[in-house]
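K.L.:
turn this into a structure:
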Amino acid sequence: MEKDLIGRGALCGAIAGLLTFLFGRIFAEPYIQKAIDYETGRHAAQELLHHAAGEHEHAELFSRTVQANIGMGVGMIAFGLGMGVLFALVYTVCLGRVGRLGPRSLALLVAAAGFVGLYLAPFLRYPANPPAVGEAETISERTSMYLLMVLCSVVFLALAVWLGQRLSARFGNWNASLLAAAAFVVAIGIVMAALPSFGLPGNGQAGATATETPLPLVDDQGVIRYPGFPADVLFYFRLYSLAGQLVLWTAIGLLFAPMADRLLGRAAGYRADRTPAQA
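P.N.:
Numbering: from 1, shown residues only. Take a look at the predicted model:
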């Protein structure tokens with residue numbers, strides 16, 4: 001039974017990954033290209049300023065290459081497959097342990113938890129960045145903080161489920177769920193406030209005001225020689241990154257739900273049809 005559920009989860013994840021790739025290729029890719037064009041233009045303007053100032057050395061541009069369509073597609077399908085397997089494992093663990101939920105309802109709830117725990121909560125603290133946004137020297141530290149945020153989010157989500165189960169007998173399922181959700185929000189909010197922000201040195205910002213979005217490039221006289229990073233490009237890139245993950249987890253939940261329902265229904269019918277003598 002567990003192997004069958006994991007196999008179906010892997011299939012659903014691969015299909016969801018393909019759908020997410022198609023969504024990103026249509027909606028997010030144009031803004032990625034705009035960000036790369038901005039980075040190229042800013043680098044050229046920076047070169048001119050260095051040359052005018054008589055400087056012969058400059059910071060090397062952090063290279064970014066646009067992957068081929070086939071590369072992005074294969075990568076997204078592989079990622080979706082991995083998330084599908086993880087989803088199925090969590091589903092198998094939760095089956096029969098989180099109240100009287102049907103196979104379909106449980107699938108949708110696990111998918112929602114995966115979206116919130118693995119992406120939404122970490123995204124709120126460290127959102128996705130397009131090319132030209134972010135400092136190359138802080139990649140390692142930013143990655144570590146992001147993974148810590150993911151770990152805290154998953155652990156707090158699991159504890160929230162446990163807390164909801166403990167409180168349901170006293171407050172009822174609805175109130176217990178609200179209390180557990182509130183506890184999760186408070187706990188993850190504390191972690192968000194405690195984790196550091198990252199900023200570009202040239203922006204002259206620190207602490208809570210730090211930002212990795214490039215400000216306008218100015219010369220020694222304070223004249224703007226190249227504009228700051230376009231706000232609409234940043235907004236839509238992050239919007240479609242968030243929407244892409246929503247597509248992934250929604251597709252996994254919706255595809256897996258009927259498969260699990262049929263599989264578990266057949267298994268239950270088989271057990272019910274067996275007589276004591278046959279057992």
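
K.L.:
please tell me I have it right and Gly164 contacts Ala180.
P.N.:
Yes: under the criterion of CB atoms under 8 Å, Gly164 is in contact with Ala180, at a separation of 3.6 Å. (C-beta placed from N, C-alpha, C; glycine too.)

K.L.:
okay, buried residues for the host helix or strand of Ile70 please.
P.N.:
In the assignment (DSSP states H and E), Ile70 maps to helix 69-94. Neighbour counts over helix 69-94 (16 or more other CB atoms under 10 Å) mark 73, 76-77, 79-81, 83-88, 90-92, 94 as buried.

K.L.:
ok, those residues vs Ala14, which is closest?
P.N.:
Leu81 (4.5 Å; CB to CB).

K.L.:
circling back: let me know the closest of the buried residues of helix 69-94 to Leu255.
P.N.:
Out of those, the member with the shortest distance to Leu255 (by CB to CB) is Gly84, at 8.8 Å.

K.L.:
mind giving me the packing neighbours of the helix or strand that the helix holding Ile70 is followed by?
P.N.:
Using DSSP H and E, the helix or strand that follows helix 69-94 in sequence is helix 103-115. Applying 3 or more CB pairs under 8 Å, 6 or more residues apart in numbering; DSSP states H and E, we find helix 103-115 packed against helix 69-94, helix 231-273.

K.L.:
what's the closest of those to Met1?
P.N.:
Smallest distance to Met1 across the helices and strands packed on helix 103-115 (CB to CB): 6.0 Å, for helix 231-273.

K.L.:
if I look at Tyr119, how far off is Gln245?
P.N.:
Using CB to CB, to the nearest Å, Tyr119 is found at 4 Å from Gln245.

K.L.:
for Thr213, same thing?
P.N.:
Distance from Thr213 to Gln245, by CB to CB: 21 Å.

K.L.:
can you pull out the low-pLDDT segments for the stretch 151-279 of the chain?
P.N.:
Low-confidence segments of the stretch 151-279 of the chain, defined by pLDDT under 70: 201-202, 204-209, 267-279.

K.L.:
could you rerun that using 50?
P.N.:
The stretch 151-279 of the chain contains residues with pLDDT under 50 at 270-279.

K.L.:
count of neighbours near the nearest residue to Gly199 once chain neighbours are set aside?
P.N.:
Leaving aside its chain neighbours, Gly199 sits nearest to Ala210 (3.0 Å; criterion: CB to CB, 6 or more residues apart in numbering). Around Ala210 there are 14 other residues, counting by other CB atoms under 10 Å.

K.L.:
Ala210: what's it in contact with?
P.N.:
Counting by CB atoms under 8 Å, 6 or more residues apart in numbering, Ala210 touches 197-199, 203.

K.L.:
go again with 7 Å.
P.N.:
Counting by CB atoms under 7 Å, 6 or more residues apart in numbering, Ala210 makes contact with 197-199.

K.L.:
related to what we said a few turns ago, which of the helices and strands packed on helix 103-115 sits closest to Leu101?
P.N.:
Nearest to Leu101, of all the helices and strands packed on helix 103-115, is helix 69-94, at 8.3 Å by CB to CB.

K.L.:
so which elements touch the closest one?
P.N.:
Contacts defined by 3 or more CB pairs under 7 Å, 6 or more residues apart in numbering; DSSP states H and E place helix 69-94 against helix 2-23, helix 103-115, helix 231-273.

K.L.:
what would the helices and strands packed on helix 103-115 look like in CSV with distance to Ile190?
P.N.:
As requested, the helices and strands packed on helix 103-115 are exported to CSV (distance: least, CB to CB, whole Å):
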stretch, distance to Ile190
helix 69-94, 25
helix 231-273, 23
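
K.L.:
neighbours of the nearest residue to Met76 once chain neighbours are set aside, just the number please.
P.N.:
Distance criterion CB to CB, 6+ apart; nearest residue to Met76, sequence neighbours excluded, is Phe21 at 3.9 Å. Using other CB under 10 Å, Phe21 has 22 neighbouring residues.
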